[in-house]
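> Take this sequence and fold it.
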Amino acid sequence: MLHKSIGRILKIGVLLSTWGLIATVLLQILCRFTPIATPSWTEEASRLFFIYAMSFGAGLAMKNEYYVHLDMFFSQFPVKMQRMLVKIIPVVVLFLFVLMAIYSIQFVVLGIPEKSPSMGFNMGVAFFSMFIMAASISYYLWKRIQRNYKNSKA
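Purely as a prediction, here's the structure:
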């Protein structure tokens, strides 16, 4: 249940962020070809929508294993070392993303008193995207480590 809910939240986040990005960029384009002045907030909004789309999408990419693999390099190792690397690399990456999640919370707190230049919201909102990315990647990495452990037992 939790697994499906996390996936749904990430998918909805990607869709809303992407549609927001498309809308703000279309508004910028429309304003450039008409006498209407381009609102100053559109550049910052499109940047924020892009950042959030990438943050939500990062966890989904980890879930579906869409990241680049260096198979040509990896296949040069002996089979025993390949098996070891398949177990070790996700653990190391998980450790790094858990660290990122922890420190991103501190970054969000530091950004709360700061205001965005053109939109006026607190920058903790923008910095929260780092936590979303780190937490979602950590979650799906943990699931992969569990799956790898179960498969190695069988």
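> Low-confidence regions, the chain specifically.
Flagging of the chain using pLDDT under 70 yields the residue ranges 154.
> So which residue of it lies furthest out from the middle?
residue 35 (37.3 Å; CA atoms, centre = their mean).
> Specify the local secondary structure of it.
The three-state label given to residue 35 by DSSP: H, G, I helix; E, B strand; the rest coil is coil.
> Which residues are in contact with residue 72?
By CB atoms under 8 Å, 6 or more residues apart in numbering, residue 72 lies in contact with nothing. Quick note: C-beta positions are derived from backbone N, CA and C, even for glycine.
> before we move on, back to that, do you know how far the residue farthest from the centre of the chain is from residue 23?
Between residue 35 and residue 23 the distance is 21 Å, computed by CB to CB, to the nearest Å.
> Also residue 43?
From residue 43 to residue 23 the distance is 14 Å (CB to CB).
> what's the answer for residue 66, then?
26 Å.
> Check residue 32 too.
For residue 32 relative to residue 23 (CB to CB), the value is 15 Å.
> now residue 69
From residue 69 to residue 23 the distance is 35 Å (CB to CB).
> just to confirm, which helix or strand has the residue nearest in space to the middle of the chain in it?
Centroid-nearest residue in the chain: residue 55, 2.4 Å away (criterion: CA atoms, centre = their mean). Residue 55 is part of helix 41-63 when elements are defined by DSSP states H and E.
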